[in-house]
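Asker: Got a predicted structure here, sequence first:
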Amino acid sequence: MTRVVGVHGVGKQLMGSEMLRSDWFPALSDGLRHAGQHAVPRSDFTMAFYGDLFRPPGRTLAVGDPMFTASDVTDGFELDLLLAWWQHAADIDPAVPPATGSTTLARSPRAAQTALRALQRSRFFADVSLRALVFDLKQVRRYLLDPDLRTAARRRVQERIGPDTRVVVGHSLGSVVAYEALCAMPGHPVKALVTLGSPLGMRMVFDRLLPRPGDWPGSPSPVDRPDSPDPDPAPAPAPRWTNVVDEGDVVAAVKDLSLLFGPSLEGKVVHNGSHAHEATAYLTAAATGSAVAEGLRRD
């Protein structure tokens, strides 16, 4: 029985579902306890893992990710996302120089190098290597612009959702994958979507969502059965959506998602300290625990 499904974010291509479950489950258990709720049994929680879709194929003497540099940041989506991160980092961190003249900068051949240097002065990206940061940019681009990879990642989430699943928790890019996966599953049993550090509000993400977003998410369509005594059963209540965000989270540049997805979405602000975007920091927050517990109570 899987009552809660977790969906990870970028940078997990060298991990797996069990490794992530070993991190997420105790953190979520603490979040539930901090909210005054009982933790779920370990058997009730699983991870939807799609990170291996981004893992480069092996080759002789190659280990890990490609050795990306600033010159590997492509024009268009990757550079635009990098500049958006820089702008938001400068807005919230005085150590980051402002991204002034971003339109002019975007035309510069050294734009990516300038932006990466600026970001590495921020608290948020201090522990992220340049190589990893560029790889993260490429993962976001590939998910949104590669239809085959996108379909495969969404399928990984859908395969983990069974008749007993009540809550889906998506972190970072995983919140995008979870949102799209649920929208593509009429009649799903999920009662609550909990998004953590979500980039769903960024225009370059929002404008590319499939299906095109309306008010979240409408009521799931009932499953039609020929032998049903009620040919037109009442639709199930719409899943509850809670978005949890840290003010210092650069990836979650738009903090209030209700402005784009409708007033039924509930936003919660937490403080993760120097680990603003870290999944386990979000999971241990009482706000996350409360949102998960609410979804489990909606049976």
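Answerer: Alright, I've got the coordinates.
Asker: ok, now how distant is the closest residue in space to Arg3 that isn't next to it in sequence from Leu82?
Answerer: Leaving aside its chain neighbours, Arg3 sits nearest to Asp44 (4.2 Å; criterion: CB to CB, 6 or more residues apart in numbering). For the C-beta atoms, the positions are set from N, CA and C on the backbone; glycine is no exception. To Leu82, Asp44 is 39 Å away according to CB to CB, to the nearest Å.
Asker: Would you check how far apart Ala281 and Gly174 are?
Answerer: Separation of Ala281 from Gly174 (CB to CB): 15 Å.
Asker: no no, Tyr143
Answerer: Between Tyr143 and Gly174 the computed distance is 10 Å (CB to CB).
Asker: These two: who's more crowded?
Answerer: Set side by side, Tyr143 and Gly174 show more neighbours around Gly174, with 30 against 23, by other CB atoms under 10 Å.
Asker: how does the protein divide into domains?
Answerer: Following automatic domain parsing, one finds the domains of the chain at 4-52+147-223+236-297, 70-144.
Asker: Can you check the distance spanned by the shortest one, start to finish?
Answerer: This means domain 70-144. With CA to CA, to the nearest Å as the measure, the first residue of domain 70-144 is 21 Å from its last.
Asker: the more surrounded of Asp44 and Leu82?
Answerer: Using other CB under 10 Å as the criterion, Asp44 and Leu82 rank with Leu82 on top: 25 against 18.
Asker: ok, the nearest residue to the more buried one once chain neighbours are set aside - contacts?
Answerer: Spatial nearest neighbour of Leu82, excluding adjacent residues (CB to CB, 6+ apart): Ala115 at 4.9 Å. Going by CB atoms under 8 Å, 6 or more residues apart in numbering, Ala115 touches Leu79, Leu82, Leu83, Trp85, Trp86, Ala99, Leu105.
Asker: what do you get for Asp256?
Answerer: Asp256 makes contact with Gly201, Gly267 under the criterion CB under 8 Å, 6+ apart.
Asker: Could you look up the SS state of it?
Answerer: Under DSSP: H, G, I helix; E, B strand; the rest coil, Asp256 falls in the coil class.
Asker: which parts of the helix or strand Val168 falls within are buried?
Answerer: If you go by DSSP states H and E, Val168 is part of strand 167-171. Of the residues in strand 167-171, Val167, Val168, Val169, Gly170, His171 count as buried by neighbour count, 16 or more other CB atoms under 10 Å.
Asker: What values do phi and psi take at the residue nearest to Leu82?
Answerer: With angles defined as degrees, to the nearest 10, Ala115 sits at phi -70, psi -40.
Asker: Could you measure from it over to Met15?
Answerer: Here Ala115 is placed at a distance of 27 Å from Met15 (CB to CB).
Asker: do Val269 as well
Answerer: With distances taken as CB to CB, Val269 is found 28 Å from Met15.
Asker: These two: which has the busier surroundings?
Answerer: Shown here are Val269 and Met15; by other CB under 10 Å, Met15 has more neighbours (17 against 13).
Asker: Give the full set of residues in contact with the more buried one.
Answerer: By CB under 8 Å, 6+ apart, the contact set of Met15 is His8, Phe49, Gly51.
Asker: Among the residues you listed, which one sits closest to Trp24?
Answerer: For the contacts of Met15, the residue nearest Trp24 by CB to CB is His8; the value is 7.9 Å.
Asker: Please name the residues that touch the closest one.
Answerer: Residues near His8 by CB under 8 Å, 6+ apart: Met15, Leu20, Trp24, Met47, Ala48, Phe49, Tyr50, Gly51, His171, Ser172, Gly174, Ala279.
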